[in-house]
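Novice: Okay, sequence plus prediction incoming.
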Amino acid sequence: MTQILLIEDDAVTADEIRLELTSAGHGVTLRTTLVEAASVARGGGIDLLIVDRQLPDGEGLVLIETLRGEGRRTPALVLSALGSLDDRVRGLRAGGDDYLAKPFALVELVARVEALLRRPDESRDTRLIAGPLDLDLLAGRATRGNRPLELLPREFKLLDYLARRPGRIVTRSMLLQDVWGYTFEPNSNVVDVHIGRLRRKVDAEGEVQLIRNVRGQGYILDLPH
Amino acid sequence: MIFPTDPRRRATWRWGGALAALLVLQSLALAAAFWALANGSHRRAIEHALADDCTFFRLTPPEERGEELREKLARDIHRDRFLGLFDAKGALIAGNVARLPAETPAGASFVADVAPTELPGKRIDQARVTVCPLSGDMRLLAGVDLDDTEEALRLVWRSLLLGLVPGLVLALGFGLVAGRRAARQVDTVRRLTERIMSGDLTQRLPVAAHPDSFGVLCAHINTMLDRLQLLITDMRGVGDDIAHQMRTPLTRLRARLDRGLRDASTAQDFAAVADQALVQVDALLGIVAALLRLRELEDHARRSRFAPVDLATLVDDACDLHRPLAEDRGITLACDLTPVGTVHGDASLLMEAIANLIDNAMKFGPPGGTVRVVLTASSEGPVVTVADDGAGIPADERALVTQRFYRVRTDREGAGLGLSLVKAIADLHGFRLRFADSESAVSLICTR
């Protein structure tokens, strides 16, 4: 079981996050101050840090900077009530690996936590195989089994992104951020429509559904066992 | 009390004192210059006269010198001349001086004490004299009384003092008045700022018709207060707006939960209630997030992230992002891009602005219509125009649509924040937003 160190001084928020992460199968250690958190983090056995920015004894980014300075590479997800994307840049610069602004949906948090815990397969291979899917990364062609998929370039990128993260929830904002390269919350379901098209091409009639819509949360690429 | 503790009164004294000191210095310099120049010219005049006397007696035959000398003295009506003719032993032959000075430096004139014989009540007197040898073993002492010169010096000093006293009084008076005036202005500003701080934002500082530098400063402060008042009014309005906007969906949500919980009997029923509630909560959170983003944008704090953005790539990405959705809705998304180079900005924000415009066009244009996205280089700079086949925004509502929560049509979904966001993003970049007159088109003019 993975161990997550959560540093959050608001009891209600902390409880919500702990419940959500525990039910997703993670162990959670909660600390409310930077000093306590630092000693836990230095004690080892922690796989991921979730750090709130505004804590009673200071700025959460300082903890990350300190740990990074000591050579500890434990991935860190930064939470902030400041709600500003400029803060996002500061958070990432301080050594945070991802950033979430409050208010956030708990599913978004879990999706990002899992993305950090299981770094995607970033291999530079020219071929990516996920279950029945076979992606030729050089030519930009994909097949499912023996059936070639007629994918547009953007659809190929989406499938590539999903195929590197099988079995894990991928949210809309993660897709927009990582596949298109823009950080914003679109009003309409633009991303859903792209995924819908991709799904119609990947999952033909009669085949096992690989791309699954998790209602109100995002998408998962399910691989048959 | 030399240094009053009140800084304004201290300033008064400081100004008065500085002016007085300046005046004294200037008077002293003037007097010294006057004295040096006057004394110099007087001395040259005396030396000239003494040299003339020597020459005159040198040219006069020895036997006539006594007579000439007496005549010269008789003509000296000011009685400020000293003349004495002495023989080789230093005994007086003729003149009004008892004896030769003890030491007689050769050459030029010098100042010495002489013993006058014809000035009543004066046994000794200061004079500038010269002693010149004459033929026949005689010596002539010629001198001019320095009483006049001393008198002149005294006059200079007295006039200086007399002039200084009113000068000092004037300086102190001016310092006092100037200091008082400054103190009064500061007092006025202080009183008004106190009232402003206590909440009365309608107060303004007085500015004269022809303001001095202090008045210009006051005018600037007034402009700042105008802006502040506007912002605060705006903020209060927004606060009211938010309360109003949140109340309706919250009331609806509460009613639905209430009814759902009463009616639900199976787990599926409860799940359906919860699902519906979640959708509405998400919509509410969306409004909150949009408001937070608006505030953030209006703080102008994001310029630090600005970088060169290739507009053609950006607009192409926006089209690519929206094309499937447009097709699903039976709308043709026509994009016409001219490469225009880069602008300085935040790619994600510009993308959000253009996405909002395309969203609006798809939402408010007629079904089955066309949404055109055009990027051109105009004389004003790069322009992104998003147009649809609809009626567009009525002319009298164009100024209002960028206000928060303003909705032209209430038959469509939305909180009325989209165009506010686009406007805020444009403002942040220094870009302009323009609504076309005759068609349904919005242009983002991407130049400062």
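Specialist: Cool, got the structure. Residues are numbered from 1 along each chain as shown, chains lettered A, B, ... in the order given.
Novice: Give me the helices and strands touching the longest helix along chain B, please.
Specialist: Scanning chain B for the helix with the most residues, using DSSP state H, yields helix B:7-59. Packed against helix B:7-59 by the contact rule (3 or more CB pairs under 8 Å, 6 or more residues apart in numbering or on different chains; DSSP states H and E) you find helix B:65-75, strand B:125-134, strand B:138-145, helix B:147-197. Placement of C-beta: from N, CA and C, glycine included.
Novice: Can you tell me which residues in chain A are near chain B?
Specialist: Proximity of chain A to chain B, by CB under 8 Å from any CB of the partner chain, involves residues A:83-86, A:89, A:103, A:105, A:154, A:180-190, A:193-194, A:196-197, A:215-216.
Novice: can you rerun that using 6 Å?
Specialist: By CB under 6 Å from any CB of the partner chain, the residues of chain A that approach chain B are A:83-84, A:86, A:103, A:182-184, A:186-188, A:190, A:193-194, A:197, A:216.
Novice: Most neighbours among the residues you listed, please name it.
Specialist: A:His194 (26 neighbours; other CB atoms under 10 Å in any protein chain shown).
Novice: Looking at the helices and strands packed on helix B:7-59, which is nearest to B:Leu292?
Specialist: Smallest distance to B:Leu292 across the helices and strands packed on helix B:7-59 (CB to CB): 28.3 Å, for helix B:147-197.
Novice: From the chain's centroid, how far away is the closest one?
Specialist: 26 Å (CA atoms, centre = their mean, to the nearest Å).
Novice: Then stretch B:96-104?
Specialist: 72 Å.
Novice: Same question for stretch A:188-204.
Specialist: For stretch A:188-204, the distance to the chain centre is 20 Å (CA atoms, centre = their mean).
Novice: same question, stretch B:333-345
Specialist: Distance, centroid of stretch B:333-345 to centroid of chain: 43 Å (CA atoms, centre = their mean).
Novice: Between strand B:125-134 and the longest helix of chain B, find me the angle.
Specialist: 30 degrees (axes from the mean of the first three to the mean of the last three CA atoms, to 10 degrees).
Novice: mean confidence for helix B:7-59?
Specialist: Mean pLDDT, helix B:7-59: 80.
Novice: Kindly report the same for stretch B:161-172.
Specialist: Stretch B:161-172 comes out with an average pLDDT of 79.
Novice: Return the set of buried residues in it.
Specialist: Under the neighbour-count criterion of 16 or more other CB atoms under 10 Å in any protein chain shown, stretch B:161-172 has B:164, B:167-168, B:171-172 buried.
Novice: again with stretch A:189-207
Specialist: Per 16+ other CB under 10 Å, stretch A:189-207 contains these buried residues: A:190-195, A:197-199, A:201-202.
Novice: So in chain A, where's the weakest helix or strand by average pLDDT?
Specialist: Within chain A, no helix or strand scores below helix A:85-93, which has a mean of 66 by mean pLDDT, DSSP states H and E.
Novice: near chain A, which residues of chain B show up?
Specialist: Residues of chain B lying near chain A (CB under 6 Å from any CB): B:278, B:285, B:292, B:296, B:301-302, B:321-322, B:324-325, B:328, B:348, B:351-352, B:355, B:359.
Novice: In contact with the residue most central in space within chain A, which residues?
Specialist: In chain A, the residue lying closest to the centroid (CA atoms, centre = their mean) is A:Arg112, at 2.6 Å. Residues counted as contacts of A:Arg112 (CB atoms under 6 Å, 6 or more residues apart in numbering or on different chains) are A:Asp98.
Novice: how far away is it from B:Gly179?
Specialist: 65 Å (CB to CB, to the nearest Å).
Novice: Tell me who's in contact with B:Val373.
Specialist: Neighbours of B:Val373 in contact, by CB under 6 Å, 6+ apart: B:319, B:335, B:386.
Novice: okay, now the residue nearest to B:Gly167 when sequence neighbours are not counted: neighbour count?
Specialist: Closest residue to B:Gly167 apart from its sequence neighbours, by CB to CB, 6 or more residues apart in numbering or on different chains: B:Leu23 at 4.5 Å. A count of nearby residues for B:Leu23, using other CB under 10 Å, gives 18.
Novice: Pull the residues that contact stretch B:150-169.
Specialist: Taking CB under 6 Å, 6+ apart as the rule, stretch B:150-169 contacts B:20, B:23, B:27, B:31, B:35.
Novice: again, only this time at 7 Å
Specialist: B:20, B:23-24, B:27, B:31, B:34-35, B:38 (CB atoms under 7 Å, 6 or more residues apart in numbering or on different chains).
Novice: Repeat that for stretch B:283-292.
Specialist: Counting by CB under 7 Å, 6+ apart, A:83, A:103, A:185, B:242, B:245-246, B:249, B:415, B:417, B:421 sit against stretch B:283-292.
Novice: Stretch A:113-132 now?
Specialist: For stretch A:113-132, the surrounding residues in contact (CB under 7 Å, 6+ apart) are A:2, A:4, A:21, A:47-48, A:75, A:77, A:97-98, A:135-138, A:144-145, A:160, A:163-166, A:168, A:210, A:221, A:223-224.
Novice: ok, B:Asn96 touching B:Leu73?
Specialist: Yes - using CB atoms under 7 Å, B:Asn96 is in contact with B:Leu73, at 5.9 Å.
Novice: Between these two, tell me which one has more neighbours.
Specialist: For B:Asn96 versus B:Leu73, neighbours defined as other CB under 10 Å are more numerous around B:Asn96 (22 against 17).
Novice: Domain map for the chain?
Specialist: You didn't say which chain, so I picked chain A. A:3-117, A:127-221 (automatic domain parsing).
Novice: you looked at the wrong chain, it should be chain B
Specialist: B:8-151, B:213-298, B:303-445.
Novice: Report the distance from the second one to the chain centre.
Specialist: The chain centre lies 42 Å from the centre of domain B:213-298; the measure is CA atoms, centre = their mean.
Novice: For it, give the mean pLDDT please.
Specialist: Here the average pLDDT along domain B:213-298 is 81.
Novice: measure it end to end?
Specialist: 32 Å (CA to CA, to the nearest Å).
Novice: Sweet, I'm off.
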